[in-house]
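Undergrad: build me a model:
(one chain, ligands or ions: 2)
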Amino acid sequence: MQLFADYHTHPQGHRLQRYRRELLQPWVDAARARGLSDIAFTDHDRYCAGVDFDEIERLREANPDVKIRAGIELDNDPTHSEAGRRWVEEHWEELDFVLGSVHFLERADQMFDTVPHGAEQFAGRDIDRIYEDYFRRVRELAATGLVDCLAHLDLVKIHGHRPQSAVRDLAQGTLEFIASSGLAIELSTAGWRKPVNELYPSDGILELAIEKRIRFTTASDAHSHVQLGENYHRLAAKLRGFGIAEILVFESHQPQSRAI
Ligand SMILES: [Zn+2]
Ligand SMILES: [Zn+2]
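TA: Numbering: from 1, shown residues only. Ligands and ions are numbered 1, 2, ... in the order given. Below is the predicted model of the structure:
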């Protein structure tokens with residue numbers, strides 16, 4: 001099994017950096033070195049001003065052996081993502097792929113997936129209620145019609161908090177909605193470098209998604225090109241274990257199935 005696609009990458013990292021050759025070429029070089037032939041740039045929507053579609057086009061021309069997809073990670077950020085959604089609408093035709101992500105719960109001013117502060121949002125709280133609230137927000141984002149795929153579907157587990165109810169039951173309605181909308185879910189190795197130390201999503205959700213015939217992208221959520229395709233050997237083993245033999249790539253928002 002050869003995994004060849006990474007559909008969650010952040011060339012800008014955690015600050016606004018205009019796309020230019022020196023920023024992007026190392027990502028293509030790293031992809032090639034790791035045997036990846038299809039990558040999507042999906043910077044956070046709050047850095048959308050850095051995305052330059054002409055620069056991506058020039059990069060494609062210089063690297064015809066690697067498919068380079070123009071994408072964005074659209075957040076549920078109460079402060080910035082209204083502008084992000086407008087930007088996605090304006091640039092829909094130029095974008096190949098939009099990831100939808102929930103990083104905000106009740107607190108509008110703080111991503112819950114940060115340490116130590118984000119983790120404090122869980123202290124002394126009813127974890128089942130937090131999971132319900134989280135999956136409701138994922139569903140809301142899926143319903144905007146502006147995303148092709150949901151990122152790190154059970155990010156709410158990041159700090160290791162587990163609900164008393166089965167996660168399957170908590171995620172059921174949201175997965176049903178994702179399936180009926182024809183949206184994809186990413187399999188993200190990023191969970192393996194977080195305290196929870198587990199793939200996003202968990203086996204229980206993965207099983208349920210397969211039952212509902214939801215299809216998957218493969219992703220590392222790399223914030224540096226050295227993280228591209230990180231832990232893909234572990235991901236390949238997981239896919240084999242679940243009998244997944246095809247993944248999705250996207251061109252102009254059109255999902256295409258590819259054997260792995
Ligand atoms: Zn994210
Ligand atoms: Zn990301």
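Undergrad: next to ligand 2, which bits of the stretch 1-150 of the chain? Give me the list.
TA: Contacts of the stretch 1-150 of the chain with ligand 2, taken as C-beta under 5 Å from the ion, map to E73. Quick note: C-beta positions are derived from backbone N, CA and C, even for glycine.
Undergrad: what segments of the stretch 1-150 of the chain are strands?
TA: For the stretch 1-150 of the chain, the strands defined by DSSP state E, counting those that start in this stretch occupy 5-6, 38-41, 67-75, 97-101, 149-150.
Undergrad: mean neighbour count, distance to V51 and mean pLDDT for those - can I get that in TSV?
TA: Listed next are the strands of the stretch 1-150 of the chain as TSV, based on neighbours: other C-beta atoms under 10 Å; distance: least, C-beta to C-beta, whole Å; pLDDT from 0 to 100:
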stretch	mean neighbour count	distance to V51	mean pLDDT
strand 5-6	26	18	98
strand 38-41	26	8	98
strand 67-75	23	7	98
strand 97-101	26	12	98
strand 149-150	27	18	98
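Undergrad: how about the ones you listed in TSV, adding distance to A184?
TA: Formatted as TSV, the strands of the stretch 1-150 of the chain follow (distance: least, C-beta to C-beta, whole Å):
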stretch	distance to A184
strand 5-6	12
strand 38-41	12
strand 67-75	12
strand 97-101	9
strand 149-150	4
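Undergrad: please enumerate the helices of the protein.
TA: Here the chain has its helices, by DSSP state H, at 21-33, 53-62, 81-90, 127-142, 167-181, 203-211, 232-242.
Undergrad: possible to save these as JSON lines with mean pLDDT and mean neighbour count?
TA: Listed next are the helices of the chain as JSON lines, based on pLDDT from 0 to 100; neighbours: other C-beta atoms under 10 Å:
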{"stretch": "helix 21-33", "mean pLDDT": "98", "mean neighbour count": "17"}
{"stretch": "helix 53-62", "mean pLDDT": "98", "mean neighbour count": "14"}
{"stretch": "helix 81-90", "mean pLDDT": "96", "mean neighbour count": "16"}
{"stretch": "helix 127-142", "mean pLDDT": "98", "mean neighbour count": "18"}
{"stretch": "helix 167-181", "mean pLDDT": "97", "mean neighbour count": "18"}
{"stretch": "helix 203-211", "mean pLDDT": "97", "mean neighbour count": "17"}
{"stretch": "helix 232-242", "mean pLDDT": "97", "mean neighbour count": "15"}
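Undergrad: for the closest residue to ligand 2 within the stretch 1-150 of the chain, give me its contacts.
TA: Using C-beta to the ion, E73 is the residue of the stretch 1-150 of the chain that sits closest to ligand 2, at 4.8 Å. When contacts are counted by C-beta atoms under 8 Å, 6 or more residues apart in numbering, E73 touches 8, 10, 42-45, 99, 101, 151.
Undergrad: got a list of contacts for stretch 225-237?
TA: Here stretch 225-237 makes contact (C-beta under 8 Å, 6+ apart) with 1, 3, 6, 9, 11, 26-27, 29-31, 34-36, 39, 187, 189-190, 192-193, 199, 218, 220-222, 260.
Undergrad: what does stretch 241-257 give?
TA: 3, 5, 7, 38, 40, 67, 69, 71, 92-93, 95-98, 148-149, 184, 187, 206-207, 210, 215-218, 239, 258-260.
Undergrad: what residues are bridge-paired with I72?
TA: I72 has these beta-bridge partners by DSSP bridges: V98.
Undergrad: distance of it from R20?
TA: As judged by C-beta to C-beta, to the nearest Å, I72 and R20 stand 18 Å apart.
Undergrad: ok, of the contacts of stretch 225-237, which come out buried?
TA: By neighbour count, with 16 or more other C-beta atoms under 10 Å, the contacts of stretch 225-237 hold 3, 6, 9, 11, 27, 30-31, 34, 36, 39, 187, 189-190, 192, 199, 218, 220-222 as buried.
Undergrad: list the contacts of the residue in the stretch 151-260 of the chain that ligand 2 sits nearest to.
TA: Here the stretch 151-260 of the chain gets closest to ligand 2 at one residue, D221, 4.5 Å apart by C-beta to the ion. By C-beta under 8 Å, 6+ apart, D221 lies in contact with 8-10, 151-152, 188-190, 227.
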